[in-house]
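Enquirer: Generate a structure from the sequence data that follows.
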Amino acid sequence: MTIEEAEIYALKATDWLISKQDLLEVFMGSTGVSEITIKSEFHDGVFLAAVLDFLLLDDNWVIDACQAIGLEPEAMAVVRQLLPGGEKVNWT
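Expert: Sure, this is the predicted structure:
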């Protein structure tokens, strides 16, 4: 998967989150972002990474989002790794 493909899936996952009002409110409450921030940062890689970090907190969210966007649930972690801050940590 390329970075561009990962960004497209992350955008689709963000669209899905926005369509789920109850879950969107949980996201906004836990991250402190506002609707204005969502609109202004929608295409920002760091914001998209934050959305995926949030979704990855719950397997059911991952499964539901992935079904909606046509992505295998196991691939959500790969998408996240390709966005800013997702690099593998090298402890040596």
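
Enquirer: give me the low-pLDDT residue ranges for this protein?
Expert: 86-92 (pLDDT under 70).

Enquirer: please redo it, this time with the cut-off set to 50
Expert: Along the chain, no part satisfies pLDDT under 50.

Enquirer: biggest helix in it, by residue count?
Expert: helix 3-19 (DSSP state H).

Enquirer: which secondary structure elements does that one contact?
Expert: helix 21-31, helix 45-55, helix 59-69, helix 76-82 (3 or more Cβ pairs under 8 Å, 6 or more residues apart in numbering; DSSP states H and E). From N, CA and C alone the C-beta is placed, and that goes for glycine too.

Enquirer: Compute the inter-axis angle for that helix and helix 21-31.
Expert: 110 degrees (axes from the mean of the first three to the mean of the last three Cα atoms, to 10 degrees).

Enquirer: which residues touch helix 3-19?
Expert: 23-24, 27, 38, 42-43, 45, 47-49, 51-52, 54-55, 64-65, 68-71, 75-76, 78-79, 82-83 (Cβ atoms under 8 Å, 6 or more residues apart in numbering).

Enquirer: Generate a ChimeraX selection restricted to the buried entries among these.
Expert: To isolate the buried members of those in ChimeraX, using 16 or more other Cβ atoms under 10 Å:
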select :23,24,27,38,45,47,48,49,51,52,54,55,64,65,69,71,76,79,82,83
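
Enquirer: sorry, back to before: would a markdown table of the helices and strands packed on helix 3-19 with distance to Tyr9 be doable?
Expert: Shown next, in a markdown table, are those (distance: least, Cβ to Cβ, whole Å):
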| stretch | distance to Tyr9 |
| --- | --- |
| helix 21-31 | 17 |
| helix 45-55 | 9 |
| helix 59-69 | 6 |
| helix 76-82 | 5 |
